[in-house]
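J.: Just need the structure, nothing else, for what follows:
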Amino acid sequence: MTRVLLITLFAIATVCADFANVETAASSEEKYGAHIDAANWVHFVVYSPNAQQVDLLLFSAEKDQKPSQEIPMEKHGDNWKIKVRGQRVGEGLLYMYRAKGAYNVRPGAPFGLSFNDTYYLNDPYSYLNQNVSFSRVFLSIPYGDSDESVYAGGGKSIVYDHRKDTHPGYVKIPHRDLIVYELHVQDYTARIQSLDRQKRGTYLGLATPGLRTPGGLSAGLDHLVELGVNAVELMPVMEYDEETGNLPDRYNHWGYMTTNFFTPEARYASRKGQQVVELKKLIRELHKRKIAVFMDVVYNHTAEQSPWEHKNRLAVKYYNFMGLCNTEIYRSTANGKYYFNNTGTGNDVTFFGGNRFTKRWTNDSLAMWYKVYGVDGFRFDLARILADGSGNAADWVDNDPRFQGAHLHAEPWDLGGQWWNFMDSGGWNYSNNRWTKWLGRYRDHMRRFSASGMKDRSLFKRLIEGRGATSTAGESASSKPWRSINMLTCHDGYTLRDVVYFNDADGSHNCWDSNGDENLRREREKLMMGVLLTSQGVPLILQGDEFGRTKSGAQTQSDAHNTYNYESKNGASYINNVNWIDWNLKDGNTNKSPNGPRYGRELFHWTKNLISLRKKWTHFRRDHFPTYADNSQKGSSNNAKYTYTWENKAFNTPTQLSVVWWGKQGEPDLMLIYNENWEDFTVGNLGDWSQGDWKVLARSWYGEKSDFVNLDNWQQQPNVGGSFTVKARSMAILVSDND
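T.: Numbering: from 1, shown residues only. Here you go, the predicted model:
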């Protein structure tokens, strides 16, 4: 049977001079994608269980709209395979697929088999790809019932062999010690004037040391090192379709429209086609500085979106899955007519059932990024989709042995609902999985805290203990502190500066403009950052929040909240500069960002010192929730115990709270005094909580160079005495050696 097949293959293959000596044979390869073996055969394997025929297409040049050779593939169960060897066949080979099968969809019923062999499909498992975007792939609207090719010549897959590259290594950081910084590769360096123009906004740009702000302060990579964060969370860097914005002159900037889940985004390479090696270099450079690398990953939907009706016809984005196996990848509505939509993009990936291809594809992708690129962890966009209906929640991700060393962080919601205690309910907890989750309620309530609007001391306690909160009063979201990712802001929303700059009349984003009082804005920003970095759990900082980055230059306040399409196709700076970081703000210079703060340098040093404090001692990095000490106890003998020393007792009033964290062996004791009130707060019983003398370590309302003492000589500071007063909407940190 195999011998007959080979004869047929040679007879049908369309021969071109570029591939004159090509051999083809049956492949027994089990891995999807394109893989080169020791005998120089390239094995191609693609999943398409319902296809009647799949052909491998080989191209001679980057912009070719027609293949130079077409090779029928052999079906093996749900897969199609072939191996090819010969002239120009190897690394760098341009290829695509074409699949033939049933087409049984129509306007009003778009879900179903949608095969159309006039469309060329790139490899969903390709390691390297040309940039994939709508206009590069389609010359005109791709109708599902079309009988003519509209291929524009772009988006081809490219054979790549990772074995020749140096591995970037790993940085192993315990969950409790993480300090995560969310950044966008392009935003971070696009406006750094001291960087070569070609490298701005690229992988190599972010990997470049020695960069400076206009005022001579550290910028780029060196800024991360100076700040002290030990993990960066890269917003999506998998190949995505940037032409999915809602305005004709804009790109989708954030990158949450993935087309290829094994391939780095081509646009962030400083040199064409070098995205693989440049991303590996970036990871290697971060690792050299003991900074772990997390990837923001999007497995809940793809850039293909759902089909749409146009002129009484059905239009379909045929990138890969849609033309190969759409009914196996995407979830239908209950009536089977439409694509399910809890992601807001129209095409939820389905994880229903046991041993689904979608689970293998997701885990294969994660394993590749972990094993080949040295990625240390992953943040899962709309992670509730992965667990909804899968039968074993999201444990199927956690249990894959190929990336068991990776951190797993979940965004635990989608449009269908919220799972605040993600993998910490229904029998799941810290003992049987390593998932952690973003705490949206931490963000919402701590913003209100800085505006004197939280007024719930019990909730505040749970949040600073790392327990999180659900919609049920008094219920924790996490079973261990390290399973809580605390945040004040993230890419999808206002910056920290904008939280105190804008008014939010309906309360949906908990913003207040501080009555236009710049000093109050300064104090509130420092208070929020102080609470974040002295809470149990893992803190997450949004790029630029540490020096007052603002997106208030957007065309509307609503746009400033969601700047996903603020990237101009025409290079318009008034659009791009909304997302691209203005490093002048670190210098305290607002000439390029009139709505920004002049205290950027002060806020940076406040944040940097808080991080140094967090890393110096273990008070805010506990593995377990603390037990409360009796009021009569005090001293380091209590180890992990801590207590509340003073609090307002009235219900529904702004929280005024003092917390003592007794140090472990060799550590001093710390007292954190938090004041939500608009009036000052005095703690008058300091002598009851230490055998030694309390000294001031930090005061958030003080200015630069006086808000934080030198951590190495804190013992030389004067004693506070028996009481201490904290300014309105501020916080203080006291320290005692307890001798």
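J.: okay, which residue is most central for this protein?
T.: Geometric centre of the chain, nearest residue: Asp296, 2.8 Å, by C-alpha atoms, centre = their mean.
J.: Would you state the helices of the stretch 551-700 of the chain in chain order?
T.: Taking DSSP state H, counting those that start in this stretch, the helices of the stretch 551-700 of the chain run over residues 557-561, 573-579, 584-587, 600-616.
J.: So, low pLDDT: which residues of the stretch 1-150 of the chain?
T.: Scanning the stretch 1-150 of the chain for pLDDT under 70 picks out 1-17.
J.: now do 90
T.: For the stretch 1-150 of the chain, the stretches with pLDDT under 90 are 1-21, 87.
J.: okay, and for the stretch 251-400 of the chain, where does confidence drop off?
T.: Within the stretch 251-400 of the chain, the ranges that satisfy pLDDT under 90 run 353-354, 388-391.
J.: what about 50?
T.: Counting by pLDDT under 50, the stretch 251-400 of the chain contains no low-confidence range.
J.: hmm, back to that, wasn't the residue nearest to the centre of the chain part of a strand?
T.: Yes - read with DSSP: H, G, I helix; E, B strand; the rest coil, Asp296 is one of the residues of a strand.
J.: was I right about it contacting Val232?
T.: No - Asp296 lies out of contact with Val232 (C-beta atoms under 8 Å); the separation is 10.6 Å. From N, CA and C alone the C-beta is placed, and that goes for glycine too.
J.: Neighbours of Glu309, how many?
T.: Per other C-beta atoms under 10 Å, the neighbour tally for Glu309 reads 12.
J.: now do Ala102
T.: Ala102 has 12 neighbouring residues, counting by other C-beta under 10 Å.
J.: Renumber starting at 50 from here on
T.: Sure thing, new numbering starts at 50, so read that last one as Ala151.
J.: could you list every residue that touches it?
T.: 99, 101, 162, 164 (C-beta atoms under 8 Å, 6 or more residues apart in numbering).
J.: okay, these in CSV with neighbour count next?
T.: Below are those laid out as CSV (neighbours: other C-beta atoms under 10 Å):
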residue, neighbour count
Asn99, 15
Gln101, 12
Leu162, 14
Phe164, 25
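J.: Farthest pair within those?
T.: Spatially, the most separated pair among the contacts of Ala151 is Gln101 and Leu162, at 10.4 Å (C-beta to C-beta).
J.: How about the residue nearest to the centre of the chain: which residues does it bridge to?
T.: Counting by DSSP bridges, Asp345 is bridged to Arg428.
J.: Now do it against Leu107, distance only.
T.: Using C-beta to C-beta, to the nearest Å, Asp345 is found at 34 Å from Leu107.
J.: cool, and Val94?
T.: Per C-beta to C-beta, Val94 is found 16 Å from Leu107.
J.: which of those two has more neighbours?
T.: Taking neighbours as other C-beta under 10 Å, Val94 and Leu107 compare with Leu107 leading, 25 against 22.
J.: Spatially, what comes nearest to the more buried one if we skip its sequence neighbours?
T.: In this structure, Leu107 finds its nearest non-sequential neighbour in Gln118, 4.3 Å apart by C-beta to C-beta, 6 or more residues apart in numbering.
J.: before we move on, what about Phe183?
T.: Using C-beta to C-beta, 6+ apart and skipping residues adjacent in sequence, the residue nearest Phe183 is Glu292, 4.3 Å away.
J.: with the contacts of Ala151 in mind, which one is nearest to Gly465?
T.: Nearest to Gly465 among these, with distances taken as C-beta to C-beta, is Leu162, at 26.0 Å.
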